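In: Let's see this in three dimensions:
(chains A and B)
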Amino acid sequence: MLQSGLGQLVADELLYQRGRPPRSRYLFKHALIQDAAYQSLLKRTRQQYHHQVAKLLEDRFPELASTQPELLAHHYAEANCPAQAIAYWHKAGVAAASQSANVEAIEQFGRGSALVEALSDMHERAERELDLQNGARRRPGRD
Amino acid sequence: MALGAALVATKGYSHSDMGRTYARARELCQQLGDDPRGFTALRGLSLHNMNLFEMEKAQHVAEEALRVAERLGDAARLVGGHMALGSTLFWQGKLEPALAHYRQGFELFDPNMQFPDWPGAHPGVQFPTFLALISWMLGYSDRSLYQLRAAVRSAETLGHPLTLAQTLCYAAFVHIFRHEPPAAADYAGRALRICEEQRIAQWQAFALCADGWALGISGESEKGLAQIGQGLDIYSTGCCSICCWRCRPTRNWRSASPKPRLRRSPLG
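Out: Model (predicted):
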């Protein structure tokens, strides 16, 4: 069903197909088409899709989750899962900062900080905000 | 590593974003009931206050940081605490007590220690750098150079651009004190390349000024003056909204200058 749907979209010239099925990659022909398709989804449906993508990346592509944590952070943020999104923004910031990519690190820590208020537990909120601003909790003697 | 340390590297110690970040971190630590991470927040605040020339406040915060480190009994934090307090004393000209803290910290320092959230240059390099500066100030010129070269070598192997840029700038300053323009220009030029590549604003400003001095003293006064002007511009944009004392002479100097329009440096 998925394959026939994708085939239809390729035939209607809305998508480019790269490679042969079932390992093909599909790309929107124009960013505006992608935007229109994305915006036409109900908010709840969109959040479900983002959550599915994030879970899939986490479960099936763990190396992607460790090399591109910002990708997981984006999907979890759009899925309205702030706790997971914050954890991945923090990972992304730490990875950037460890390579002295400080401008990128500031951006990523900042995106995590912007989500802190969405956490309902006040203690958790303070803990995560402190992770992002000051550094994560470590075992004694390691910090 | 977190936001505070990344802000220190890019925007400099006196930037208001850095002050806000560590003030908030300190508040959160208190909220969480004396969280040990408060040490890093105190170190960050001490550095920030020091760079706004609020020395008394900086010293109090650094003393608190050292007390936290002593209470936690953690060697890496103790090293950091002695570094923090030593620095506030050094910049007030209290060289003997500063020296005592630097020596105590350096004795406790172990090259395997980790300082993951440490704001600023690596303590393992900062100790010999500041010991070199004190040696110079106490009149031990050759010892100062020897210690400084060791600090530069150590910074070169660390893979931490901020530490290397800062150490190279201090090396340039000591050669300025010694009135040695070629060596000052060499260190400043190396620092400048790192700062431009890594977008390290505060030390880029210092490197430009050091390089400008070397140009000026070697006969290229207009080019040197332009370079110093550019450095001061960068430094003053990194300051907080109230503007620190070091920026004010810039404006006075500008308004008093017979040539207010400075040419941009070819390095700019």
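
In: Check the secondary structure at the residue of chain A found nearest chain B for me.
Out: Of all residues in chain A, A:Gly135 sits closest to chain B, at 3.0 Å by Cβ to the nearest Cβ. Where you see a C-beta, it was placed from the backbone N, CA and C, and this is true even at glycine. Secondary structure, DSSP: H, G, I helix; E, B strand; the rest coil: A:Gly135 is coil.

In: Could you report the neighbour count for it?
Out: Counted with other Cβ atoms under 10 Å in any protein chain shown, the neighbours of A:Gly135 add up to 25.

In: pLDDT value on it, please?
Out: As predicted, A:Gly135 sits at a pLDDT of 77.

In: Setting the sequence-adjacent residues aside, check what's closest to it.
Out: Among residues not flanking A:Gly135 along the chain, B:Asp117 sits closest, at 3.0 Å (Cβ to Cβ, 6 or more residues apart in numbering or on different chains).

In: Buried ones in the helix or strand hosting B:Gly19, by neighbour count?
Out: Per DSSP states H and E, B:Gly19 falls inside helix B:16-31. By neighbour count with 16 or more other Cβ atoms under 10 Å in any protein chain shown, helix B:16-31 contains the buried residues B:Ser16, B:Asp17, B:Met18, B:Gly19, B:Thr21, B:Tyr22, B:Arg24, B:Ala25, B:Arg26, B:Glu27, B:Leu28, B:Cys29.

In: returning to that earlier point: you'd agree the residue of chain A closest to chain B is up against B:Thr40?
Out: Yes - the criterion here is Cβ atoms under 8 Å, and A:Gly135 meets it with B:Thr40 at 5.6 Å.

In: Tell me if B:Gly33 really is in a helix.
Out: No - counting by three-state DSSP, B:Gly33 is not part of a helix but coil.

In: Could you pull up the contacting residues of it?
Out: By Cβ atoms under 8 Å, 6 or more residues apart in numbering or on different chains, no residues touch B:Gly33.

In: repeat that for 10 Å
Out: Contacts for B:Gly33 were tallied using Cβ atoms under 10 Å, 6 or more residues apart in numbering or on different chains; they are A:His123.

In: picking that back up, between all of the buried residues of helix B:16-31, which two are separated the most?
Out: Spanning the widest gap among those are B:Ser16 and B:Cys29, at 20.3 Å by Cβ to Cβ.

In: Spit out the residues that contact A:Gly135 and B:Thr40 alike.
Out: A:Asp143, B:Ala2, B:Gly4, B:Ala5, B:Ala25, B:Pro116, B:Asp117, B:Trp118, B:Pro119.

In: hmm, back to that, OK, contacts around the residue of chain A closest to chain B?
Out: So A:Gly135 contacts A:90, A:94, A:143, B:1-5, B:25, B:37, B:39-41, B:116-119 (Cβ under 10 Å, 6+ apart).

In: now it: how far from B:Gln114?
Out: To B:Gln114, A:Gly135 is 11 Å away according to Cβ to Cβ, to the nearest Å.

In: Helices along the chain, start to end?
Out: As the question left the chain open, I've gone with chain A. Here chain A has its helices, by DSSP state H, at A:2-11, A:31-39, A:43-60, A:62-67, A:69-78, A:82-98, A:102-113, A:122-133.

In: To clarify, I was referring to chain B.
Out: B:3-11, B:16-31, B:38-51, B:55-72, B:75-90, B:95-108, B:123-137, B:141-158, B:161-177, B:181-198, B:201-217, B:221-237, B:248-256.

In: how far is the third one from where the chain is centred?
Out: How far helix B:38-51 lies from its chain's middle: 13 Å, per Cα atoms, centre = their mean, to the nearest Å.

In: Would you indicate which residues of that helix are buried?
Out: So for helix B:38-51, counting by 16+ other Cβ under 10 Å, buried means B:38-51.

In: Need the mean per-residue confidence for that helix.
Out: 92.

In: looking just at contacts, which helices and strands does that helix meet?
Out: helix A:122-133, helix B:3-11, helix B:16-31, helix B:55-72, helix B:75-90 (3 or more Cβ pairs under 10 Å, 6 or more residues apart in numbering or on different chains; DSSP states H and E).

In: so the second one versus helix B:181-198, what angle?
Out: For helix B:3-11 against helix B:181-198, the angle between stretch directions is 130 degrees (axes from the mean of the first three to the mean of the last three Cα atoms, to 10 degrees).

In: what's helix B:3-11 packed up against?
Out: Using 3+ Cβ pairs under 10 Å, 6+ apart: helix B:3-11 touches helix A:82-98, helix A:102-113, helix A:122-133, helix B:16-31, helix B:38-51, helix B:161-177, helix B:201-217.

In: any idea which of the ones you listed is most buried?
Out: Using mean count of other Cβ atoms under 10 Å in any protein chain shown, the stretch among the helices and strands packed on helix B:3-11 with the greatest mean number of neighbours is helix B:38-51 (a mean of 27).

In: Would you reformat the buried residues of helix B:38-51 as CSV and include distance to A:Gln8?
Out: Formatted as CSV, the buried residues of helix B:38-51 follow (distance: Cβ to Cβ, whole Å):
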residue, distance to A:Gln8
B:Gly38, 59
B:Phe39, 61
B:Thr40, 56
B:Ala41, 57
B:Leu42, 62
B:Arg43, 60
B:Gly44, 57
B:Leu45, 61
B:Ser46, 64
B:Leu47, 61
B:His48, 60
B:Asn49, 65
B:Met50, 66
B:Asn51, 62
